[in-house]
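Novice: what would the 3D arrangement of this be:
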Amino acid sequence: MESKQTSEYKSDDDKFAKGISISEEKNDPEEQNRAEEKESRIDGQDLIQKVCDFYFDDEPLQNILEHWAVENSKGFSPLDTEYSLEQMTLFEEFRTLLESKLESHVLSLGASIETLHNEISRDTSKSFYSGNTLVEVINASVNFKNFHNMMCDARAGEFIW
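Specialist: Numbers count the residues shown, from 1 in each chain. The predicted structure follows:
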């Protein structure tokens, strides 16, 4: 038994060729949500730039990190020759805090962490707003020695993000 085709067009390509919007014809809410999400997504270079701007210039982020560092800096000294378990635990807390703030920001831009990772891996330039720069500064901030120095500065009242 042959199935009857309810549309005079055999495929979406036929509809496109006739100037008919495929999305207009479909009333599926999930389909519309996917189309809206796709339209609202941020492009790769813009995503990297917005994450860099957030990382370097977002005052609320800086205030959160400074408050956290000052509150947790009492066990750090520039004279430390060995690092304590408490310092390593605080380092992990700091990394988790920073990662969660970055992830929340990326999601607020309508992108995913996976998208950010993909864009970073594609962008190998050395410009300020590049994937390379973003990776280098994030890696520097989550390097234990740099973290230790930051915490010593926070203890001395000289926190700089």
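Novice: nearest residue to the residue most central in space within the chain in space, please, no chain neighbours.
Specialist: Centroid-nearest residue in the chain, with Cα atoms, centre = their mean: V106, separated by 3.6 Å. Nearest non-adjacent residue to V106, counting by Cβ to Cβ, 6 or more residues apart in numbering: L116, 5.3 Å away. Every residue, glycine included, has its C-beta placed from N, CA and C.
Novice: tell me the helix or strand right after whichever strand or helix holds Q45.
Specialist: Here Q45 is covered by helix 44-57, with elements defined by DSSP states H and E. Counting by DSSP H and E, the next helix or strand C-terminal to helix 44-57 is helix 59-71.
Novice: need the residues that contact that following helix.
Specialist: By Cβ atoms under 8 Å, 6 or more residues apart in numbering, the residues outside helix 59-71 that reach it are 54-55, 94, 97-98, 101, 105, 150-151, 154-155, 159, 161.
Novice: filter these down to just the buried residues.
Specialist: F54, Y55, F94, L98, K101, H105, M150, M151, A154, R155, F159 (16 or more other Cβ atoms under 10 Å).
Novice: which secondary element of this protein has the worst mean pLDDT?
Specialist: Of all helical and strand segments in the chain, the minimum by mean pLDDT, DSSP states H and E falls on helix 22-25, at a mean of 44.
Novice: which helices and strands does the lengthiest helix in the chain pack with?
Specialist: Ordering each helix of the chain by length in residues (DSSP state H) puts helix 85-108 first. Judged by 3 or more Cβ pairs under 8 Å, 6 or more residues apart in numbering; DSSP states H and E, helix 85-108 is in contact with helix 44-57, helix 59-71, helix 113-122, helix 131-141, helix 144-155.
Novice: give me the mean pLDDT for that helix.
Specialist: Per-residue pLDDT over helix 85-108 has a mean of 95.
Novice: so it versus helix 131-141, what angle?
Specialist: Calculated by axes from the mean of the first three to the mean of the last three Cα atoms, to 10 degrees, helix 85-108 forms an angle of 150 degrees with helix 131-141.
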